[in-house]
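J.: Sequence plus the predicted model coming up.
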Amino acid sequence: MTTRNRIAIPFLLALLAACPLGAATPTDWTAVAAREAPAWVRSAVIYEVFPRQFSQKGDFASITARLDELKALGIDVLWLMPVHPIGHLRSKGSIGSPYAVRDYYAVNPDYGTKDDLHRLIDGSHARGIRVIIDMVANHTAWDSVMMSHPGYYKQDGAGHVISPHPGWSDVAGLNYANPETRRYMIAMMEYWVREFHVDGFRCDVAAEVPTDFWEELRQDLDQLQPGLFLLAESDNPELLRKAFDADYAWPMMSTLNRVLMEGAPASELRRTWEQKERAAFPRGSLHMRCSDNHDEARAISRFGWNGALAASAMMMTLDGIPLVYNGMEVGDSTESGDPALFEKVPILWQPKQRNSFRATYTALIALRHKHPALCGGSMVWLENSAPENVVSFLRRSEGEEVVTLVNFSNRPQAVSVQLEEAAKFSLLLKRGPSAVGKEGLPAASLGAYEWLIFGRALSPRAGTAGAK
């Protein structure tokens, strides 16, 4: 029996051992360890590209032409949104969603050829940039080549193929109760690793697909090429046990929206981290941190120019993997998400009065790469005198500590931070004319939406710094 044909027997046996028949499913995810992600994943900065919108031509060659620029920005992983042909039957908008895939084995002719995609991936690898592609495993377009096998799809009582959700009228749901569907999808993903040398997959609506499929896929991929990166578009803790290296920090992004758009206190960000991330996920879970992506209105539109940069400063220095989305580094504010997802809305690469954006993102990414504490260190929230408006936290690795302060209000804030040996910290990076006190930390003054990042080296026997 090949690995593609097997059922995930080890997973089922482990599940039965952990949850005897009649017992409730365990909910204390902190008692379970997350899958250990490769070191290169933990230190990565991801750049999401929507090929259609990335340039006026909207093709692979235009991305390849800007690889040096992306390398100079400091990105480590290029995430290509779906590269496959888009279905036309029941499509939305004038072009259709890239998440309505017509043929998983082909590339979108609007983007170019398979040779063009090879050149993009090879060019990225030559510059030390890994490439992951979007994989839409939950559904296909209605005119997919897979429709010749109706059994691959979910069906109603009358035997009609159905959408996975009522609002998703442009796609048809795949049926993972059918072993043939599973074999097709695993073989297809192996094809992209084997033929195109992709470094992993971002898996769309991963929680909509059975967990045991992802775990079976992971076992097969580990045999084919160990160390691939699987990113789940999900915040389901179960997926991080064995299948995925990281997921989306959706709760944190939702709280960021409430803080910057609805006036919620900045202390809600800490509460979200403590209660909806640390206490709700397996130990060592890794989350992708984003304030902007293809499903949302642009961060610069939601938060304003300075608010968007403040959000990025936090995402770049929190634990997890930060994401830069498609022109975010120049302050692009063109529409994103539904309905722009179904149209041609190219990035405006030189927007007015935003010359400082690229330098800011380049500096934040360089800081992250320079300091190991920001890539895999521990995380400690620090008390401060203005918790309604300012967040403060410390990252620590074996040899250093890094402290971040971000003012999420539109008013200046004078703040004092509870930090041991505060005077030993020196300023690493700041936004705006922010100032520390005359004696340095723990006192600081931050303008509206400004941020400060400090660091210090640790002696070999230094203890963990934290609140007094």
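T.: Okay, I see it.
J.: thought Leu117 was touching Tyr111?
T.: Yes: using C-beta atoms under 8 Å, Leu117 is in contact with Tyr111, at 7.5 Å. For every residue, glycine as well, the C-beta is placed using N, CA and C.
J.: Give the intersection of the neighbour lists for the two.
T.: 60, 83 (C-beta atoms under 8 Å, 6 or more residues apart in numbering).
J.: what's the closest non-adjacent residue to Gln56?
T.: Among residues not flanking Gln56 along the chain, Pro346 sits closest, at 5.4 Å (C-beta to C-beta, 6 or more residues apart in numbering).
J.: Look up how far Pro51 lies from that neighbour.
T.: 11 Å (C-beta to C-beta, to the nearest Å).
J.: what residues are shared contacts of those two?
T.: With C-beta under 8 Å, 6+ apart, Pro346 and Pro51 have common neighbours Gly58.
J.: The stretch 151-300 of the chain: strands as residue ranges?
T.: Along the stretch 151-300 of the chain, the stretches classed as strands by DSSP state E, counting those that start in this stretch are 171-173, 200-203, 229-232, 246-248, 287-289.
J.: who wins for proximity to Gly263 among the ones you listed?
T.: Nearest of those to Gly263, taken as C-beta to C-beta: strand 287-289 at 22.2 Å.
J.: picking that back up, would a markdown table of the strands of the stretch 151-300 of the chain with mean pLDDT be doable?
T.: Shown next, in a markdown table, are those (pLDDT from 0 to 100):
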| stretch | mean pLDDT |
| --- | --- |
| strand 171-173 | 98 |
| strand 200-203 | 98 |
| strand 229-232 | 98 |
| strand 246-248 | 98 |
| strand 287-289 | 98 |
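J.: which one of those lies closest to Arg278?
T.: strand 287-289 (10.4 Å).
J.: Tell me the strands beside that closest one, with direction?
T.: strand 246-248 (parallel), strand 321-325 (parallel) (DSSP bridges).
J.: wait, Ser392 sits on Asn384?
T.: Yes: contact status for Ser392 versus Asn384: in contact at 4.5 Å, counting by C-beta under 8 Å.
J.: ok, the two, which is more surrounded?
T.: The residue with more neighbours, out of Ser392 and Asn384, is Ser392; 28 against 23, by other C-beta atoms under 10 Å.
J.: That one should be in a strand, yeah?
T.: Yes: per DSSP: H, G, I helix; E, B strand; the rest coil, Ser392 lies within a strand segment.
J.: Endpoint to endpoint, stretch 348-364 covers what distance?
T.: 22 Å (C-alpha to C-alpha, to the nearest Å).
J.: buried sites along that stretch?
T.: Using 16 or more other C-beta atoms under 10 Å as the burial criterion, the residues of stretch 348-364 that qualify are 351, 354, 357-358, 360-361, 363-364.
J.: And for stretch 228-241?
T.: Under 16+ other C-beta under 10 Å, the buried positions of stretch 228-241 are 228-235, 237-241.
J.: Same check on stretch 370-387?
T.: For stretch 370-387, burial by neighbour count (16+ other C-beta under 10 Å) applies to 371-375, 377, 379-382, 384, 386-387.
J.: Which two among the residues you listed are spaced furthest apart?
T.: Pro372 and Ala386 (29.4 Å).
J.: which ones are touching Thr317?
T.: 364, 367-368, 374, 393, 395, 402, 404, 453.
J.: Where does pLDDT dip in this structure?
T.: 1-26, 437-439, 461-468 (pLDDT under 70).
J.: What's the end-to-end length of stretch 395-410?
T.: Across stretch 395-410, first to last residue, C-alpha to C-alpha, it's 26 Å.
J.: Looks like Pro150 contacts Asp156 (just checking).
T.: No: using C-beta under 8 Å, Pro150 makes no contact with Asp156, being 11.9 Å away.
J.: More neighbours: the two, which one.
T.: Ranked by neighbour count (other C-beta under 10 Å), Pro150 and Asp156 place Pro150 first, with 13 against 8.
J.: can you pull the contacts of the residue most central in space within the chain?
T.: What sits nearest the mean C-alpha location of the chain, by C-alpha atoms, centre = their mean, is Met288, with 3.6 Å. Residues counted as contacts of Met288 (C-beta under 8 Å, 6+ apart) are 46, 231, 246-249, 320-323.
J.: from those residues, which two are the most distant?
T.: Top of the distance list for the contacts of Met288 (C-beta to C-beta): Asp247 and Pro322, 14.3 Å.
J.: where along the chain do the helices fall?
T.: Ranges of helices in the chain, per DSSP state H, are 9-18, 39-42, 51-54, 60-64, 67-73, 114-126, 179-196, 211-224, 250-262, 267-272, 299-303, 305-317, 356-370, 372-376.
J.: Counting neighbours, which bits of the second one end up buried?
T.: Think helix 39-42. 41-42.
J.: packing partners for that helix?
T.: helix 372-376 (3 or more C-beta pairs under 8 Å, 6 or more residues apart in numbering; DSSP states H and E).
J.: What is the helix it packs on packed up against?
T.: Checking 3+ C-beta pairs under 8 Å, 6+ apart, helix 372-376 ends up next to helix 39-42, helix 356-370, strand 390-396, strand 400-407.
J.: Keeping just the C-alphas, turn it into PDB.
T.: The C-alpha trace of helix 372-376 is given here as PDB (Å, rounded to 0.1, in the frame of the first residue of the first chain):
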ATOM      1  CA  PRO A 372      17.300  36.500  17.500                       C
ATOM      2  CA  ALA A 373      15.000  37.500  20.300                       C
ATOM      3  CA  LEU A 374      12.500  38.700  17.700                       C
ATOM      4  CA  CYS A 375      12.600  35.500  15.700                       C
ATOM      5  CA  GLY A 376      12.200  32.800  18.400                       C
END
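J.: who touches that helix?
T.: Counting by C-beta under 8 Å, 6+ apart, 39, 42-43, 316-317, 367-369, 395-402, 455 sit against helix 372-376.
J.: Quick check: PyMOL command selecting the buried ones in those.
T.: Applying 16+ other C-beta under 10 Å to the contacts of helix 372-376, the buried members can be selected in PyMOL as follows:
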select buried, resi 42+316+317+367+368+395+396+397+400+401+402+455
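J.: ok, how many other residues are close to Lys154?
T.: 18.
J.: before we move on, what about Gly128?
T.: 8.
J.: Any figure for the gap between it and Leu78?
T.: Gly128 sits 11 Å away from Leu78, going by C-beta to C-beta.
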